[in-house]
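Show me the folded form of this:
(one chain, ligands or ions: 2)
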Amino acid sequence: MSSALVILAAGKGTRMNSDMPKVLHPIAQTPMLVHAMRAGRALAPERTVIVAGHGAESVTKAALSEDDTAQVVLQEEQLGTAHAVDQARAALDGFEGDVVVLYGDTPFIQPQTLERMIAARAENDLVILGFEAADPARYGRLVMNGDRLERIVEFKDASEAERAISFCNSGLLACDAGTLFDLIAAVGNDNASGEYYLTDVVELARARNLNVTAVACAEAETLGVNSRADLAQADAVFQAAARAALLEQGVTLMAPETVYLAADTVIGRDSVIEPNVVFGPGVTVESGAQIRAFSHLEGCHVSRGAVVGPYARLRPGAELAEDAKVGNFVEIKNAEIAEGAKVNHLSYVGDASIGAKSNIGAGTITCNYDGFMKHRTEIGEGVFIGSNTMLVAPVTVGDGAMTATGTVVTRNIEPDALAVARAKQDNKPGYAKKLFSILRKKKENLSKGQ
Ligand code: UD1
Ligand code: MG
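Residues are numbered from 1 along each chain as shown. Ligands and ions are numbered 1, 2, ... in the order given. Okay, the predicted model is just below:
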């Protein structure tokens, strides 16, 4: 059976107190909406429709950059969850199969839960996802009769007896597309909020003798984000789970609670991550690598046996081959560091390639930017770059070449050559002594005059 996702993401999220639409606030550096889209991908949906409203332009951009086949529809006015789903009607024209409704601000829903909802659809026309709430607060309540769901009552409209129910509505549902849109067409807004409630489809379905049930999931999966405090809490929950998963996979985290991961961080077995390391998006670390304390990595790849840090920064496009070493206060951007090459101290290597076994001395800088354009520095194999070398790109250093300390390289260096480009040293005998005594006198005269 084919399926389609409808992800509700039109709400403003007033309590976020933000110019950014709520669903774009990130958890583990990935927008909440993208987390929901990724969970939904487990169903291999034939179509994905995002219902946007507040900040629709930026929501569209984020949705399409995750999945360029997604369709974004606009809900101009937020008239309720049923009205929101109704906005996807045209986008799902001609689609036959199940519609699964997700919320863009409920990022922890598990793919297996969605699969269970789809499985329950085999015996039921409409499946609602519920959860036992520790504190049911203002959630809609699921009124069950055995395994049959009779209706959902919103907190505002509920009686005392109904408010005592702790089995709550997550908001997610699965239903055949044709049936769902028929039911939604019949939803009215005669309730305490004057909104078109998606939850009303339950009673409408029962009135048509359709089978309706609820599937339960853990409350943690339905954790919604409404405020910055919720966002921080959700991020902490994500981090704890991601760290635990890495430990389980055989990665050593010396101080797990100080390592900050992105949603897509991949770290191989037997790697060691020292304390206070931050992973931005798009990082892959192969097995047996070592990321030392206080390093910051994003958009990069670290191969087996490589050592990074302490205090290193790997920016997007940094590619470290096996056994490469990047040491303290080194920044690497858009550069390949080949097998066994070393950049151990205080250097900037950007838009460059460094050949196997080359050694880059302390304080080396690839001068890659002329104020308008970026240029490349190509360094061959087995090269020795002396400390404090400036490589003014574009420039090439051949295999086996060497630069003298303090050299400013402006021309290509042929293989095996030594480049020296610095002022010649001149030692003047006795000059220092003379200069010291002149200066000493000057200082004495000055303090006498005061
Ligand atoms: C909804 C459910 C409630 C459930 C709760 C779970 C209804 C009527 N109520 O209530 O039973 O317990 O979620 O969190 O469905 N949205 C739109 N357009 C709209 C209205 C909402 O896109 O016009 C989106 C919101 O951005 C949000 C989601 O739908 O992602 C839910 O809306 P929200 O206003 O939070 O519904 P609740 O009142 O929490
Ligand atoms: Mg809500």
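
for the record, mean pLDDT for stretch 371-384?
Mean pLDDT, stretch 371-384: 97.

Run through the strands of the stretch 1-150 of the chain in chain order.
Remark: strands assigned in the stretch 1-150 of the chain by DSSP state E, counting those that start in this stretch are 3-9, 26-27, 30-31, 47-52, 71-74, 98-103, 126-132, 141-145, 148-153.

what's the next secondary structure element after the last one?
This means strand 148-153. helix 160-163 (DSSP states H and E).

Check which residues of that next one are buried.
Glu162 (16 or more other CB atoms under 10 Å). C-beta: built from backbone N, CA, C; applies to glycine.

for that helix, packing partners?
When contacts are defined as 3 or more CB pairs under 8 Å, 6 or more residues apart in numbering; DSSP states H and E, helix 160-163 packs onto strand 141-145.

Against which helices or strands is the strand it packs on packed?
Judged by 3+ CB pairs under 8 Å, 6+ apart, the packing partners of strand 141-145 are strand 148-153, helix 160-163, strand 167-176.

how about these in TSV, adding mean pLDDT and distance to Ile332?
Listed next are those as TSV, based on pLDDT from 0 to 100; distance: least, CB to CB, whole Å:
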stretch	mean pLDDT	distance to Ile332
strand 148-153	97	54
helix 160-163	96	58
strand 167-176	98	43
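
So which of those is the most surrounded?
Among the helices and strands packed on strand 141-145, ranked by average contacts under mean count of other CB atoms under 10 Å, first place goes to strand 167-176 (a mean of 24).

In CSV, could you pull the C-alpha coordinates for that one?
Extracted C-alpha coordinates of strand 167-176, given in CSV (Å, rounded to 0.1, in the frame of the first residue of the first chain):
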residue,chain,number,x,y,z
PHE,A,167,-4.8,8.3,27.2
CYS,A,168,-4.1,11.4,25.0
ASN,A,169,-4.0,12.3,21.4
SER,A,170,-0.6,12.8,19.8
GLY,A,171,-2.3,14.5,16.8
LEU,A,172,-0.9,11.9,14.3
LEU,A,173,-3.2,9.7,12.3
ALA,A,174,-3.3,7.4,9.3
CYS,A,175,-6.3,7.0,7.0
ASP,A,176,-7.1,6.2,3.4
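
Which other helices and strands does the next helix or strand after that strand contact?
Scanning forward in sequence from strand 167-176 by DSSP H and E, the next helix or strand is helix 177-185. In terms of contacts (3+ CB pairs under 8 Å, 6+ apart), helix 177-185 is packed against helix 81-86, strand 98-103, strand 126-132, helix 201-207.

possible to save these as TSV with mean neighbour count?
Shown next, in TSV, are the helices and strands packed on helix 177-185 (neighbours: other CB atoms under 10 Å):
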stretch	mean neighbour count
helix 81-86	24
strand 98-103	24
strand 126-132	24
helix 201-207	20
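
Understood, closing this out.
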